[in-house]
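1. Got a sequence here, can you build the structure:
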Amino acid sequence: MACRITELVLDCRDPELLARFWCEVLGYVELDRDDGDIEIGPPGVGFGGPQPTIILSRSDEPRAGKLRLHIDVNPTDREQDAELERLLAAGARPVDVGQTGEESWHVLADPEGNEFCLLRRRVAEVRSVK
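-> So this is what the prediction gives:
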């Protein structure tokens with residue numbers, strides 16, 4: 001028997017802002033609200049589906065500095081350059097972490113500065129099973 005990642009929890013100052021951002025980036029929807037926290041996930045699937053949900057947990061003091069874990073995303077319906085433009089328009093910003101410029105990925109930050117990477121390879125969209 002093994003475990004499976006079902007939720008990722010991200011401490012943040014403004015769960016509303018980050019819920020909107022990550023829903024736009026991932027095509028997720030709001031699933032639940034509990035005591036200021038917002039859980040988002042794939043539409044029509046919810047908790048326990050093939051993709052983990054994300055809980056945006058309100059914190060007055062989210063961890064500062066580089067996180068030990070970051071999110072990587074891949075485009076599903078367009079090439080990397082077009083997806084980069086979409087993410088920047090949604091509120092992401094480029095981040096310099098010492099890249100050489102030769103990498104096949106882009107390092108970005110969400111509106112609260114949490115780093116994530118946009119990878120080059122297109123992947124198939126995960127569709128809900130009904």
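2. In the chain, where is pLDDT below threshold?
-> Across the chain, residues meeting the criterion (pLDDT under 70) sit at 1, 64-66, 127-130.
3. Next up, the contacts around the residue sitting nearest the centre point of the chain.
-> For the chain, the residue whose C-alpha lies nearest the mean C-alpha position (C-alpha atoms, centre = their mean) is Trp22; its distance is 5.0 Å. Neighbouring residues of Trp22 by C-beta atoms under 8 Å, 6 or more residues apart in numbering: 28, 40, 54, 56, 110. (C-beta placed from N, C-alpha, C; glycine too.)
4. so Val123 sits right up against Asp77, yeah?
-> No. Contact between Val123 and Asp77 fails when scored by C-beta atoms under 8 Å: they sit 10.1 Å apart.
5. quick one: the helices in the chain?
-> Taking DSSP state H, the helices of the chain run over residues 15-26, 80-90.
6. Can you add distance to Val9 and give these back as a markdown table?
-> Converted to a markdown table, the helices of the chain look like this (distance: least, C-beta to C-beta, whole Å):
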| stretch | distance to Val9 |
| --- | --- |
| helix 15-26 | 11 |
| helix 80-90 | 22 |
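7. ok, and the most crowded of the contacts of Trp22?
-> For these, neighbours were counted by other C-beta atoms under 10 Å; the highest total belongs to Leu56, with 26 neighbours.
8. residues contacting the nearest residue to that one once chain neighbours are set aside?
-> Distances taken as C-beta to C-beta, 6 or more residues apart in numbering put Pro15 closest to Leu56, at 4.0 Å, once the chain neighbours are dropped. If a contact means C-beta under 8 Å, 6+ apart, then Pro15 has 36-38, 56-58 as its contacts.
9. Ok, Tyr28 next?
-> If a contact means C-beta under 8 Å, 6+ apart, then Tyr28 has 22, 40-43, 53-54 as its contacts.
10. Ok, Phe21 next?
-> By C-beta under 8 Å, 6+ apart, the contact list for Phe21 reads 90-92, 110-111.
11. among those residues, which ones are buried?
-> By neighbour count, with 16 or more other C-beta atoms under 10 Å, these hold 91-92, 110-111 as buried.
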